[in-house]
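Student: pasting a predicted model and its sequence here:
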Amino acid sequence: MRHTFVVHVEDKPGVLNRVASLFRRRAFNIESLTVGHTETSGVSRMTIVVDTDANGAKRLEANLYKLVNVLRVTDLTAEAAVVRELTLIRVKADHETRTHIMQLVDTFRAKVVDVAPDTLIIEATGTEEKIDGLVGVLEPYDVLEMVRTGRVAMSRGQQAPVEVPADESPAEADDNVSYSV
Amino acid sequence: MANIRTGAQILWESLVREGVTTVFGYPGGAILPAYDAMLEYPIRHVLVRHEQGATHMADGYARASGEVGVAIATSGPGATNMVTGIATAMLDSSPMVCITGQVGSKLIGSDAFQETDVTGVTLPITKHNYLVSDVDEVAPTIHEAFYVAKSGRPGPVLVDITKDAQQSSTEFVWDDSPVQLPGYRPELRATDAEYQQAVELINGAKRPVIFAGHGVMLSGAMDLVREFAERANIPIAMTLLGIGSVPALHPLNLGMMGMHGEAWVNQAIQEADLLLAFGMRFDDRVTGNLKTYAPNARKIHIDIDPAEFNKNVLVDVTLAGDLSAVLTDLLPHVERGDRSDWLSAIGVMKGDSAVRDVQNIPDSGHLYAAHVINDIWRMTDGQAVVVTDVGQHQMWEAQYYHHQEPRSLITSGGLGTMGFALPAAIGAKLSRPDAEVWVVVGDGGFQMTMCELATIAQEKVKVNVAIINNGYLGMVRQWQEFFYERRYAATPLLSPDFAKLADAFGVKSAQVARRQDVEPTIEMARAHEGAVVIDFRVEQEDTVYPMVPAGADLHAMIRRPSSSPIVETADD
């Protein structure tokens, strides 16, 4: 199954290489990896998605801890967490189709961030399932270009409700959560 | 700013403060400032003939003494030549610090002369590595490197220092307070629940076996393991690198397990109801086929590195931590046990194997490697430090030299590095000058690093070198014999006359082809003041038995055939 790790690392040269090298060397396949700053200066945060079993995830965590520059590893897979991905999609849109597309964008609570005579750029944030859904409905209009960031994740506060299961439709699943973008 | 030093001087100031007295190295352009400064410091520098040798020497130094070994080389080819030695130390958890020069920081990334991205190259084979381009970072990095190398599960650390960092000056400040690394967790502690589970399994076991691995020695837990085994009457099987952690002649010590372990040891493992793995990692050479491995046994794994848990063998209880600390916690709860039924059952498995001592075989005119090794054992009273290479001789050494002392067998177990023995023995001897050091090496491996005979001559290192010369790459030949229909592809080996070769290096030599000459020649070597190389011309197509073919069931070993001279009894 897919495991989502949040890895706090020292912000030093070569640390991304050390982490990525570890996955390669131990034959784990990275599905996505994002890295950025955190609230603490000198500390970077990686969100890494890996397809492995529970035992593999445990060993991966132990191996990550062996890297001197790794500060903290959390496997969010079994925890209540907010998991999001950001995407930008350039889709073909002329005066006939533009309105239809913008309605779809509204339904998915996405945004149009660029309008050109024959294209739109749509920005969407949400779970992978929601974005997959958006991409699915846009495909008939001709998706020209797409970029997805891969997962970022954060565990929920203690009082927060557990996220609704992923098998519900993407639009409904997002009803009671706010978006960061 | 009274205490101004160059980075090169600070390097040695720091090494001296870390207790370093001996380094193994080879100079070159990017490390020249450090070499120039070295002359001002109380350091013995051993000039090697190849940087691979420097790393094996540092490794041997570390394994024999427990101290961190230090190797030094220049940038580019000097550093890349270290790769094999670093990987060897990594797989066997040997504490080592490698210092390499690097081109000036402004040249990095320009493909300058002798520039290699050495921290990149060694990233997966070091415990950690550093690129130092700021003179102010030299002292703290050396301090940190030694701490990382020897703490927790030990391993090699590489410090790459740019030429300008060596040449620049700064105030030297030595902070020897304990290193604080925010993310580094060298030691862990298991939970009380895990301890409780372990204690229940141990006290309830009827057919338990203890596995003593390299971690027993790295942790200094030899006495605790013995006490544990004696209290609960549990037999001990050793990994190759665990040899010496429990005296070979201790009544509870079964011997080595795994691919070339004795049949009764592997059989006991397969019939056990509990395995207690102490500081070992269930290498594939130890387990054979994982699907049929110890099918009836519950398993307790104690290791300082939790990344080893459930890696190869799924276990029931894991106890993370330093073995000595874990055993100290466990011991009071371990009940005294009898287990005489189990011990006598193992005795039955042993059968007549024990009396098939190689020394009982009448002299048939053949010289077998086992004779040579058994005679070295007998004549050194089991007290020598033996450094082996990799191959058949390595397995025969493990079978026929009965090590009584910890850190007395030094061998490349995990990586299986041919060429390891000769340089590693130099390091071992220099770290333990009072020890009698023997090299047991094949004719193949010897030729990989035999240039270090010149180092032995120049540094006047007293080691005795027993070349087990069978004219083949013997272990590969054995696999070809068993698994490739005796198609001996690239295994027959033409070698120089090793005795003449040693003479040319200025090292005393002898050649032995008859069994009756083995003993007097060993005696001669022991008595001689300087190093001695003995070319033992042994039987060419001899085979290491028993053998569990790679990936086969541990109990499905190829046993000694009755036609083999090694298993002939005195009656034959």
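Tutor: Yep, it's here.
Student: neighbouring strands of the longest strand anywhere in chain A in the sheet, and parallel or not?
Tutor: Scanning chain A for the longest strand, with DSSP state E as the assignment, gives strand A:81-92. Strand pairing for strand A:81-92, using DSSP bridges, gives strand A:119-126 (antiparallel), strand A:143-148 (antiparallel), strand A:152-155 (antiparallel).
Student: the helix or strand following that strand packs against which elements?
Tutor: Going down the chain from strand A:81-92, the next helix or strand is helix A:98-107, by DSSP states H and E. With contacts defined as 3 or more Cβ pairs under 8 Å, 6 or more residues apart in numbering or on different chains; DSSP states H and E, helix A:98-107 has these neighbours: strand A:111-115, strand A:119-126, helix A:128-138. All C-beta atoms are positioned from the backbone trio N, CA, C, and that covers glycine.
Student: which strands and helices sit next to the host helix or strand of B:Trp479?
Tutor: Taking DSSP H and E as the criterion, B:Trp479 maps to helix B:474-483. Judged by 3+ Cβ pairs under 8 Å, 6+ apart, the packing partners of helix B:474-483 are helix B:392-400.
Student: quick one: the helix it packs on to chain centroid distance?
Tutor: 14 Å (Cα atoms, centre = their mean, to the nearest Å).
Student: what does stretch B:483-493 give?
Tutor: 28 Å.
Student: export it as PDB, just CAs?
Tutor: Output of stretch B:483-493 as PDB, limited to C-alpha atoms (Å, rounded to 0.1, in the frame of the first residue of the first chain):
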ATOM      1  CA  PHE B 483      27.000 -26.100 -10.300                       C
ATOM      2  CA  TYR B 484      28.600 -25.600 -13.700                       C
ATOM      3  CA  GLU B 485      29.600 -29.100 -14.700                       C
ATOM      4  CA  ARG B 486      33.200 -28.600 -13.900                       C
ATOM      5  CA  ARG B 487      33.600 -26.000 -16.700                       C
ATOM      6  CA  TYR B 488      36.500 -24.100 -15.200                       C
ATOM      7  CA  ALA B 489      36.000 -20.800 -16.800                       C
ATOM      8  CA  ALA B 490      38.900 -18.400 -15.900                       C
ATOM      9  CA  THR B 491      39.700 -20.100 -12.600                       C
ATOM     10  CA  PRO B 492      43.100 -21.800 -13.300                       C
ATOM     11  CA  LEU B 493      45.600 -19.400 -12.100                       C
END
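Student: need the residues that contact that stretch.
Tutor: Contacts of stretch B:483-493 with the rest of the structure, by Cβ atoms under 8 Å, 6 or more residues apart in numbering or on different chains, involve B:443-444, B:471-474, B:476-477, B:480, B:549.
Student: just checking, B:Val518 touches B:Asn374?
Tutor: No: under the criterion of Cβ atoms under 8 Å, B:Val518 makes no contact with B:Asn374, lying 9.3 Å away.
Student: on the three-state scheme, the residue lying closest to B:Ala145 once chain neighbours are set aside is what?
Tutor: Of all residues not flanking B:Ala145 in the chain, B:Val157 sits nearest, at 4.4 Å (Cβ to Cβ, 6 or more residues apart in numbering or on different chains). Using DSSP: H, G, I helix; E, B strand; the rest coil, the structure places B:Val157 in strand.
Student: about what we covered before: average model confidence for the helix holding B:Trp479?
Tutor: When pLDDT is averaged over helix B:474-483, the result is 95.
Student: what does the helix or strand following it rub up against?
Tutor: Downstream of helix B:474-483, the first helix or strand assigned by DSSP H and E is helix B:498-505. Residues outside helix B:498-505 that contact it (Cβ under 8 Å, 6+ apart): B:443, B:446, B:450, B:453-454, B:456-457, B:465, B:467, B:469, B:508-511, B:533, B:535.
Student: 7 Å - rerun?
Tutor: By Cβ atoms under 7 Å, 6 or more residues apart in numbering or on different chains, the list of residues contacting helix B:498-505 from outside reads B:453-454, B:457, B:467, B:469, B:509-511, B:533, B:535.
Student: what's the answer for stretch B:291-309, then?
Tutor: Contacts of stretch B:291-309 (Cβ under 7 Å, 6+ apart): A:59, A:62-63, A:66, B:152-153, B:187-188, B:198, B:201, B:215, B:269-270, B:272-279, B:281, B:287, B:313, B:315-323, B:326, B:553-554.
Student: per-residue confidence at the residue nearest the centre of chain B?
Tutor: Geometric centre of chain B, nearest residue: B:Thr411, 3.6 Å, by Cα atoms, centre = their mean. pLDDT, B:Thr411: 98.
Student: ramachandran angles for the residue nearest to it when sequence neighbours are not counted?
Tutor: Leaving aside its sequence neighbours, B:Thr411 sits nearest to B:Thr388 (Cβ to Cβ, 6+ apart; 4.5 Å). B:Thr388 adopts backbone torsions of phi -110, psi 160, taken as degrees, to the nearest 10.
Student: quick one: secondary structure of the residue of the stretch 51-200 of chain B found nearest chain A?
Tutor: Nearest residue of the stretch 51-200 of chain B to chain A (Cβ to the nearest Cβ) works out as B:Gly183 at 4.0 Å. Going by three-state DSSP, the secondary structure assigned to B:Gly183 is coil.
Student: where does it fall, phi/psi-wise?
Tutor: The phi/psi pair for B:Gly183 (degrees, to the nearest 10) is phi -100, psi 0.
Student: which non-adjacent residue is nearest it?
Tutor: Per Cβ to Cβ, 6+ apart, closest to B:Gly183 is A:Leu71, 4.0 Å.
Student: just want the angle from the helix or strand where that neighbour lies to strand A:81-92.
Tutor: In this assignment (DSSP H and E), A:Leu71 forms part of strand A:70-75. Relative orientation of strand A:70-75 versus strand A:81-92 (axes from the mean of the first three to the mean of the last three Cα atoms, to 10 degrees): 90 degrees.
Student: shaky segments in chain A?
Tutor: Across chain A, the ranges flagged by pLDDT under 70 are A:159-181.
Student: got the residues of it near chain B?
Tutor: Contact residues, chain A versus chain B (Cβ under 7 Å from any Cβ of the partner chain): A:10, A:14, A:17-18, A:21, A:25, A:55, A:59, A:62-63, A:65-66, A:68-71.
Student: name the helix or strand for the closest residue to B:Leu181 other than its chain neighbours, please.
Tutor: In space, and not counting its chain neighbours, B:Leu181 is closest to A:Val68: 6.0 Å by Cβ to Cβ, 6+ apart. In the assignment (DSSP H and E), A:Val68 maps to no helix and no strand.
Student: hmm, A:Val68 is touching B:His128, no?
Tutor: Yes: using Cβ atoms under 7 Å, A:Val68 makes contact with B:His128 at a distance of 4.6 Å.
Student: between those two, which contacts overlap?
Tutor: Contacts common to A:Val68 and B:His128, judged by Cβ under 7 Å, 6+ apart, are B:Val148.
Student: residue contacts, residue 141?
Tutor: Here I'm looking at chain A. A:91-93, A:97, A:101.
Student: other chain: chain B
Tutor: By Cβ under 7 Å, 6+ apart, the neighbours of B:Thr141 are B:130, B:132, B:159.
Student: so where's chain B shaky on pLDDT?
Tutor: B:1, B:353-361, B:562-572.
Student: so the nearest residue in space to B:Asn310 that is not next to it in sequence is in which element?
Tutor: Nearest non-adjacent residue to B:Asn310, counting by Cβ to Cβ, 6+ apart: A:Asn55, 5.2 Å away. Using DSSP H and E, A:Asn55 sits in helix A:54-66.
Student: list the buried ones in that helix?
Tutor: A:56-66 (16 or more other Cβ atoms under 10 Å in any protein chain shown).
Student: please tell me how far the residue nearest to the centre of chain B sits from chain A.
Tutor: Note on B:Thr411: its distance to chain A, by Cβ to the nearest Cβ, to the nearest Å, is 25 Å.
Student: and that residue, what does it touch?
Tutor: So B:Thr411 contacts B:240, B:388, B:394 (Cβ under 7 Å, 6+ apart).
Student: cool, and B:Gly551?
Tutor: Counting by Cβ under 7 Å, 6+ apart, B:Gly551 has contacts B:288-289.
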